[in-house]
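Novice: Any chance you could fold what I've pasted below:
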Amino acid sequence: MLEELAASDWHVIHDVSLGHGNIDHIVVGPGGLFTIETKSRRGKVFLDSIDQKMLGQAYAEKKTLETITAMPVRSLLVFSQAYLVGKVPAYSRGVTILPARMLTGFFSRQKPAMSAEEAVAIYVRLAPAVGQALS
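Specialist: Numbers count the residues shown, from 1 in each chain. This is a model prediction of the structure:
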């Protein structure tokens with residue numbers, strides 16, 4: 001699903017190991033720099049009672065990437081299989097929460113934060129810095 005963003009000048013880095021954990025996905029494009037923590041939980045997830053550990057993990061990943069890049073980062077908590085009960089996207093403790101089916105639309109609605117060229121330059125520097133090959 002994230003690979004489809006390439007047509008809109010977005011770049012994705014998958015499964016970034018940080019030694020004590022990982023960031024499932026890093027997305028950089030004209031709309032900014034994002035971390036995505038993905039959860040494959042099934043069934044209903046009530047937005048007003050999201051597990052605080054999940055939110056803490058997603059927020060910590062954002063802070064780690066901000067430290068690495070010295071840039072502002074937005075954090076997403078994405079549920080790939082659950083039915084989210086409540087208004088989505090939701091926002092809690094510095095984290096945007098949404099179902100995977102909304103990802104493409106979410107990124108397409110982001111206001112420009114940088115040019116496509118700047119996004120490429122960040123991706124080209126960041127991917128090798130976190131141990132990933134350029135795609």
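Novice: what's next to the lengthiest helix in the chain, contact-wise?
Specialist: In the chain, assigned by DSSP state H, the helix with the most residues is helix 52-69. With contact meaning CB atoms under 8 Å, 6 or more residues apart in numbering, helix 52-69 is reached by 18, 21, 23, 26, 33, 35, 37, 39, 72-77, 92-95, 122, 126, 129-130. For the C-beta atoms, the positions are set from N, CA and C on the backbone; glycine is no exception.
Novice: Now, of these, which are buried?
Specialist: Among these, those classed as buried by 16 or more other CB atoms under 10 Å are 23, 26, 33, 35, 37, 39, 73-77, 92, 95, 122, 126, 130.
Novice: where's the dip in pLDDT among these?
Specialist: Least confident of the buried ones among the contacts of helix 52-69 in the model: V130, at 87.
Novice: That one and I26 touch, don't they?
Specialist: Yes: the criterion here is CB atoms under 8 Å, and V130 meets it with I26 at 7.4 Å.
Novice: what do the two both touch?
Specialist: I13, V16.
Novice: Let me see the ranges of the helices in the protein.
Specialist: 52-69, 103-108, 116-129.
Novice: could these go into CSV alongside distance to V12?
Specialist: Formatted as CSV, the helices of the chain follow (distance: least, CB to CB, whole Å):
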stretch, distance to V12
helix 52-69, 14
helix 103-108, 10
helix 116-129, 9
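Novice: Out of those, which is closest to M1?
Specialist: Smallest distance to M1 across the helices of the chain (CB to CB): 5.8 Å, for helix 103-108.
Novice: What mean pLDDT does the closest one get?
Specialist: For helix 103-108, the per-residue pLDDT averages 94.
Novice: Sort out which residues of it are buried, please.
Specialist: Quick answer for helix 103-108 (16+ other CB under 10 Å): L103, F106, F107.
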